[in-house]
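A.B. asks: take this sequence and fold it.
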Amino acid sequence: MGEIVGTTIVFGPADAEPLLGVTALESAAVEIDPRNQKLKKLPKGRLKHKRKNLPLAA
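C.D. replies: Here you go, the predicted structure:
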């Protein structure tokens, strides 16, 4: 999709099923379209959240 992003990866045993996790998809601003079985780019503003009113951790 033409962009480079970073994410965390985990290596499992050689016989493990490969997975593309939600964290990796969110890092790349991509979502899955299950109907068409394709990846879709998310609109830019959709990933940004306002954090003003969140309580502070104790």
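A.B. asks: ranges for the strands of this structure?
C.D. replies: 30-33, 38-41 (DSSP state E).
A.B. asks: so for the first one, what gets flagged as buried?
C.D. replies: In this case it means strand 30-33. Across strand 30-33, burial judged by 16 or more other CB atoms under 10 Å covers residue 30. In short, each C-beta sits where N, CA and C put it, glycine included.
A.B. asks: so which elements touch that strand?
C.D. replies: Packing partners of strand 30-33 (3 or more CB pairs under 8 Å, 6 or more residues apart in numbering; DSSP states H and E): strand 38-41.
A.B. asks: can you list the residues that contact the strand it packs on?
C.D. replies: Contacts to strand 38-41, defined as CB atoms under 8 Å, 6 or more residues apart in numbering, come from residues 1, 25, 29, 30, 31, 32, 33.
A.B. asks: can you redo those as a markdown table with pLDDT?
C.D. replies: Below are these laid out as a markdown table (pLDDT from 0 to 100):
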| residue | pLDDT |
| --- | --- |
| 1 | 67 |
| 25 | 83 |
| 29 | 84 |
| 30 | 86 |
| 31 | 87 |
| 32 | 86 |
| 33 | 88 |
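A.B. asks: nearest to residue 10 among those residues?
C.D. replies: Proximity of the contacts of strand 38-41 to residue 10 (CB to CB) peaks at residue 25, which lies at 15.0 Å.
A.B. asks: using JSON lines, lay out the contacts of strand 38-41 together with distance to residue 12.
C.D. replies: Converted to JSON lines, the contacts of strand 38-41 look like this (distance: CB to CB, whole Å):
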{"residue": "1", "distance to residue 12": "26"}
{"residue": "25", "distance to residue 12": "18"}
{"residue": "29", "distance to residue 12": "26"}
{"residue": "30", "distance to residue 12": "22"}
{"residue": "31", "distance to residue 12": "24"}
{"residue": "32", "distance to residue 12": "21"}
{"residue": "33", "distance to residue 12": "27"}
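A.B. asks: could you work out the most separated pair of these?
C.D. replies: The distance between the two most remote of those (CB to CB) is 14.1 Å, for 29 and 33.
A.B. asks: please consider this matter closed, and thank you.
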